[in-house]
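J.: Could you work out the structure for the sequence below:
(2 chains)
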Amino acid sequence: IDYTGTEPSSPCNKCLNVSWDSTPPCTCTINFTLEHSFESNVFMYYGLSNFYQNHRRYVKSRDDSQLNGDNSSLLNPSKECEPYRTNEDKPIAPCGAIANSMFNDTLELYRIDNDTRIPITLIKKGIAWWTDKNVKFRNPTGDGNNLTALFQGTTKPVNWPKPVYMLDSEPDNNGFINEDFIVWMRTAALPTFRKLYRLIERKNNLQPTLQAGKYSLDIAYNYPVHSFDGRKRMILSTISWMGGKNPFLGIAYITVGSICFFLGVVLLIIHHKYGNRNTSADIPN
Amino acid sequence: GDVYDMSGQRIEINENTEKVDFSYNQLADPKFAFYDHSLVEAVKLGDVPTHRFFRLLSLCHTVMPEEKKEGNLVYQAQSPDEGALVTAARNFGFVFRARTPETITVMEMGEIKIYKLLAILDFNNVRKRMSVIVRSPEGDLTLYCKGADTILYELLHSSCDSLKEETTEHLNEFAGEGLRTLVVAYKNLDEDYFQDWIRRHHEASTALEGREDKLSELYEEIEKDLMLLGATAIEDKLQDGVPQTIETLAKANIKIWVLTGDKQETAMNIGYSCNLLNDDMEDVFIIEGSTSDDVLNELRNARKKMKPDSFLDSDEINIQFEKSSKKPKIIPDEQANGVYGLVITGHSLAYALEGNLELELVRTACMCKVVICCRVTPLQKAQVVELVKKYKKAVTLAIGDGANDVSMIKTAHIGVGISGQEGMQAVLSSDFSFAQFRYLQRLLLVHGRWSYIRMCKFLKYFFYKNFAFTLVHFWYGFFSGFSAQTVYDEWFITLYNLVYTSLPVLGMSLFDQDVDDRWSMLFPQLYVPGQENLYFNKMVFVKCMLQGIYSSLILFFIPYGAMYNTMRSDGKAVADYQSFALMAQTCLLIVVSVQIGLDTSYWTVVNQFFIWGSLSVYFAITFTMYSDGMYLIFTASFPFVGTARNTLSQPNVWLAIFLSITLCVLPVVGFRFLKAQLKPTPSDKVLLKIKEAKKRPPPPSPKRRLRRTSTRRSGYAFSHQHGFGALIMSGRNMRPKSPFATTGTFSPNSDKHKHKGL
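T.: Numbers count the residues shown, from 1 in each chain, chains lettered A, B, ... in the order given. Okay, the predicted model is just below:
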């Protein structure tokens, strides 16, 4: 579901030109209908288009040491982070353009059942790779578990409304190991990409995770994409053993298979027709 | 009827065998080694047929003796074989010492006898025999004849049938060993008949018309009812396998020029004996003019005969000459209307190498199958090589063994030195050196060919793999805002050429061979593609490039398609940059490994090891570099932590990898198949034939020495020209220093025949 709001009719059109720090955030609601029910676990993605997360300077603009909890890097981030390295003579944590541009829309999903909005539980943990969560990203170490103290001496990224240690209330999902943050930091290879936002788990076996019906999506529209002609989407998807829906491989395999078969037949005919021609009779012994 | 085998080096003879003591004969060549005692005993005992046999050898020839000081005899033989026979007779005590127009002085077992030489019935190609008629000091008239067995057998007296059978057996044995054989016979003449004959002979030789015919009629009249004495056999003193090598090289489309310091006759004889010149040739032109104009005319005539229209203005080469300026240019190959040989003497060559005749020489000489330059100086050798290098788009190879070949060896593109009796100069200045001429065949047809094929495959593969590697970035540029973002991990870029793909291609370029050495020797045609630069040229490069571009497209867009807007099987996003990089680089590496598998036609353990090893090293290094430990130690260097584990466990990643392999390989296989089916090159055909032949039991390895056919086995103990009989009889050449005296000497054990292939 595209909620960028470029069309004037879109409920989010009013938010099109918001800036990142408008308070309170511009909110909009989009209603949609699911034709089919989703039987198994449902994954909720946000998708961005025309967002060059793979730009060379963008990709480099991070400090893995800092994100790994190295205390010296925390206060003295890598030069790669420029110009998002320091702000007002304080080091930025997390530094760099990637972190600075973190996706910060908030999406909430409601099922509309007889005009009552039933919120759907969105799980925000378990959306990042295990290795990222446990190895690559770590909070700085120090006395106690008070992240506020640990991030002492740093400042928030320029575009962030809140510092990194206030991303979440749960301590194991806060700071650098906040999974939304981790997901964002895993830069996409292509300018059109989607990232996992939330999980919707199947509660029991009796009813589908998401029944067919009407739903509404509440959006806290913080993330401006209009300036670079970007698009924002919300995607709900189930997955199979092969991963998400992607017809490419199937089509490609069928095509290549047919080509192979066709080629095989053609070459067989050619071989039968012309195969005799290259008898080597004209080569003397 | 003793059968005399000059070398006598049968297999069972070794260093320890007692040599025959020739001390009874102080004129014997001290280097001569002989092992058959019975023969010497027979000589010593004065066995009549044996004596007669050797007497014949010492009388019936056109050799000139040179005795500068007493007891030091040097023979100047028109053909080396003749010299060898006379030398042999000398060693057995029948020493040919001097010759005047009318007499021949022979020391028979220490006793000087002067024979009156009454007539020489000279050799020619038709007669294939020669005879002398001598009067012995005792007054007996005898005709001694030696010649090709096929001819002489017809002329024998019926009384020697049993001996004939025995001799035939011996002849077959000799021929089988590759020896050059002659049959010798004699006939006692009746005084009256001879007087009558000599009168008619005189008449015939002074006749104005049909002299040749009349003479040969007379010769045939007297040369009949001969008594067989035996057969001689002379070992081919060329190095082993020279004729076969030359034949094979000629089949491989290699043009052979012989540049030798020997005199013309020797050079031509060598030419004949090593199959360069043969009777199948339409003509052998001999250029021996002594002025610039003569040489020009001779060259032009030769060319006119070979290709009459090459003098027309419409001939494209002539047009080309007129158009272009004077600067050196490449003369295209011209086709003659037959097989020709060209012999040019050093004297004429000096003129021919002058500015305005150069072109004539090159054009004429290159139309001939064989060019022999004789009596050339070392400098001229180099000049000839230079000439060919200048005007022909050809690679020149000079092979020689002597110090006088050094300049030539250095001038030619490839210099080969034969290490032998003539010292090390040639070897030291050469690129390759070996002990025998015949190894040249193996050097060129086997090692040269393999090396060429390997080099080309190496280059092709190298271009391909780097095109496929690099161009992916170009396609990725369209999706990353042209920001020079690399598709692959930096470490992969570093290690790709260094570790992952270096050893397989090295293994291929070291060990690859399309056919093994036996087959490439059997089919010299396989050498031709190399001469025509078929395996690597601009066209091939473009093909490589196209293949590389195609592969890079596949290698980018298949991962792109597979990643685009998709998720992992646990719902997490997979389209992140690191996963994409890993997928693309895995695809690339497997594709180029499969490609080298397709290119390799000769699998060794090393190849397998390298290819599988490289792949496993790739996965090992990848998993190591992307592991937690490495990340924790060098955080900034290995940002790809966990990517390998998370990505390579995905089925769709592997499906995409498999798809890209298929797509990359499919057109290559299809193209190669179609090409082999529809437009097979000659070497494809040969390869196919070899493949067929391989199914049958393997052929016997090439024989070391081909059996000579019966027509070829004799008659080469003579010069291939008219002999000097008439000259000897006329006495014109009986000056103290013979005009045939040259620096080249011939003695049976210090033979040296040089062949300079070009």
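J.: contacts and neighbour counts: CA atoms only from here.
T.: Noted.
J.: burial measure for B:Trp654, as a count.
T.: Using other C-alpha atoms under 10 Å in any protein chain shown, B:Trp654 has 16 neighbouring residues.
J.: what's the answer for B:Ile633, then?
T.: Count around B:Ile633 with other C-alpha under 10 Å applied: 10.
J.: What separation do you get for it and chain A?
T.: 10 Å (C-alpha to the nearest C-alpha, to the nearest Å).
J.: cool, B:Asp489 as well?
T.: For B:Asp489 relative to chain A (C-alpha to the nearest C-alpha), the value is 12 Å.
J.: for B:Met583, same thing?
T.: 11 Å.
J.: Surely that residue and B:Pro559 touch.
T.: Yes. At 6.7 Å, B:Met583 counts as touching B:Pro559 under the criterion of C-alpha atoms under 8 Å.
J.: low-scoring stretches of chain A, by residue?
T.: A:1-10, A:14-25, A:143-145, A:205-206, A:240-245, A:275-285 (pLDDT under 70).
J.: still on that earlier bit, intersection of neighbour lists for B:Met583 and B:Pro559?
T.: Residues touching both B:Met583 and B:Pro559 (C-alpha atoms under 8 Å, 6 or more residues apart in numbering or on different chains): B:653, B:657.
J.: tell me which residues form a beta bridge with the residue most central in space within chain A?
T.: For chain A, A:Lys195 is the residue whose C-alpha lies nearest the centre (C-alpha atoms, centre = their mean; 1.6 Å). Beta-bridge pairing for A:Lys195 (DSSP bridges): A:Tyr46.
J.: ok, the strand or helix carrying B:Lys457 near chain A or not?
T.: Using DSSP states H and E, B:Lys457 falls within helix B:449-477. No. Helix B:449-477 is not in contact with chain A by C-alpha under 8 Å from any C-alpha of the partner chain; minimum separation 8.8 Å.
J.: Now do that helix: which elements does it pack against?
T.: With contacts taken as 3 or more C-alpha pairs under 8 Å, 6 or more residues apart in numbering or on different chains; DSSP states H and E, helix B:449-477 sits against helix B:502-511, helix B:538-563, helix B:577-599.
J.: tell me the angle of the last one relative to helix B:502-511?
T.: Meaning helix B:577-599. 10 degrees (axes from the mean of the first three to the mean of the last three C-alpha atoms, to 10 degrees).
J.: Name the next helix or strand following helix B:577-599 along the chain.
T.: Downstream of helix B:577-599 (by DSSP H and E), the next one is helix B:605-625.
J.: If you drop the residues flanking it in sequence, what lies closest to the closest residue to chain A within the stretch 351-500 of chain B?
T.: Nearest to chain A, among the residues of the stretch 351-500 of chain B, is B:Gln485, at 4.5 Å (C-alpha to the nearest C-alpha). Distances taken as C-alpha to C-alpha, 6 or more residues apart in numbering or on different chains put A:Arg56 closest to B:Gln485, at 4.5 Å, once the chain neighbours are dropped.
J.: One more: B:Leu588?
T.: Counting by C-alpha to C-alpha, 6+ apart, the residue nearest B:Leu588 is B:Leu555, at 6.4 Å.
J.: circling back to that earlier point, so which of the helices and strands packed on helix B:449-477 is the most packed in?
T.: Highest mean neighbour count among the helices and strands packed on helix B:449-477 (mean count of other C-alpha atoms under 10 Å in any protein chain shown): helix B:577-599, with a mean of 23.
J.: if we look at that one, which residues are touching it?
T.: Under C-alpha under 8 Å, 6+ apart, the answer for helix B:577-599 is A:54, A:186-190, B:457, B:461, B:465, B:468-469, B:487-489, B:492, B:500-501, B:504-505, B:508, B:555-556, B:559-560, B:563, B:574, B:611, B:615, B:640, B:643-644, B:647-648, B:653, B:657-658, B:660-661, B:664-665.
J.: cutoff 6 Å now
T.: A:187-189, B:487-488, B:647, B:657, B:661 (C-alpha atoms under 6 Å, 6 or more residues apart in numbering or on different chains).
J.: Give me the below-cutoff pLDDT ranges for the stretch 301-450 of chain B.
T.: B:309-336, B:421-423.
J.: angle of whatever helix or strand A:Phe262 lives in against helix B:538-563?
T.: Using DSSP H and E, A:Phe262 sits in helix A:247-274. Going by the same axes, to 10 degrees, helix A:247-274 is angled at 140 degrees with respect to helix B:538-563.
J.: List the buried residues of helix A:247-274.
T.: A:248-249, A:252-253, A:256, A:260, A:267, A:271 (16 or more other C-alpha atoms under 10 Å in any protein chain shown).
J.: Distance to chain B added to those residues, as TSV?
T.: As requested, these are exported to TSV (distance: C-alpha to the nearest C-alpha, whole Å):
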residue	distance to chain B
A:Phe248	6
A:Leu249	6
A:Ala252	8
A:Tyr253	7
A:Val256	7
A:Cys260	8
A:Leu267	7
A:His271	6
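J.: what comes up buried for the helix or strand harbouring A:Ala220?
T.: Assigned by DSSP H and E, A:Ala220 belongs to strand A:213-221. For strand A:213-221, a neighbour-count test (16+ other C-alpha under 10 Å) marks A:214-221 as buried.
J.: partners of that strand, with directions?
T.: Partners of strand A:213-221, by DSSP bridges, with direction: strand A:26-34 (antiparallel), strand A:106-113 (antiparallel).
J.: pull the CA atoms of that strand into CSV?
T.: The C-alpha trace of strand A:213-221 is given here as CSV (Å, rounded to 0.1, in the frame of the first residue of the first chain):
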residue,chain,number,x,y,z
GLY,A,213,-11.8,-7.8,5.7
LYS,A,214,-11.3,-4.2,6.2
TYR,A,215,-8.3,-2.8,7.9
SER,A,216,-6.9,0.6,8.5
LEU,A,217,-3.3,1.8,8.7
ASP,A,218,-2.4,4.6,11.0
ILE,A,219,0.7,6.4,9.9
ALA,A,220,2.8,8.9,11.8
TYR,A,221,4.2,10.5,8.8
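J.: count of neighbours near B:Lys694?
T.: Count around B:Lys694 with other C-alpha under 10 Å applied: 12.
J.: Residue numbers of the stretch 1-150 of chain A in contact with chain B?
T.: A:54-56, A:64-65, A:131 (C-alpha under 6 Å from any C-alpha of the partner chain).
J.: Could you single out the nearest of those to B:His51?
T.: A:Arg56 (101.7 Å; C-alpha to C-alpha).
J.: Now tabulate the helices and strands packed on helix B:449-477 in JSON lines and tack on distance to B:Phe53.
T.: Listed next are these as JSON lines, based on distance: least, C-alpha to C-alpha, whole Å:
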{"stretch": "helix B:502-511", "distance to B:Phe53": "58"}
{"stretch": "helix B:538-563", "distance to B:Phe53": "67"}
{"stretch": "helix B:577-599", "distance to B:Phe53": "66"}
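J.: Could you provide those helices in a markdown table, with additional columns for mean pLDDT?
T.: Compiled in a markdown table, the helices and strands packed on helix B:449-477 are given as follows (pLDDT from 0 to 100):
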| stretch | mean pLDDT |
| --- | --- |
| helix B:502-511 | 88 |
| helix B:538-563 | 88 |
| helix B:577-599 | 88 |
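J.: out of the ones you listed, nearest to B:Val339?
T.: That would be helix B:538-563 among those, by C-alpha to C-alpha, at 33.5 Å.
J.: just the angle between the closest one and helix B:449-477, please?
T.: Helix B:538-563 and helix B:449-477 meet at an angle of 40 degrees, taking the same axes, to 10 degrees as the criterion.
J.: could you say what helices and strands helix B:538-563 packs with?
T.: helix B:449-477 (3 or more C-alpha pairs under 6 Å, 6 or more residues apart in numbering or on different chains; DSSP states H and E).
J.: which element follows the helix it packs on toward the C-terminus?
T.: helix B:490-495.
J.: With just CA atoms, put that next one into PDB.
T.: What follows is helix B:490-495, C-alpha atoms only, in PDB (Å, rounded to 0.1, in the frame of the first residue of the first chain):
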ATOM      1  CA  GLU B 490      36.300  -5.300  -1.200                       C
ATOM      2  CA  TRP B 491      38.000  -8.500   0.000                       C
ATOM      3  CA  PHE B 492      36.600 -10.400  -2.900                       C
ATOM      4  CA  ILE B 493      37.900  -7.800  -5.300                       C
ATOM      5  CA  THR B 494      41.300  -8.200  -3.800                       C
ATOM      6  CA  LEU B 495      41.300 -11.900  -3.800                       C
END
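J.: With that, I have no additional questions.
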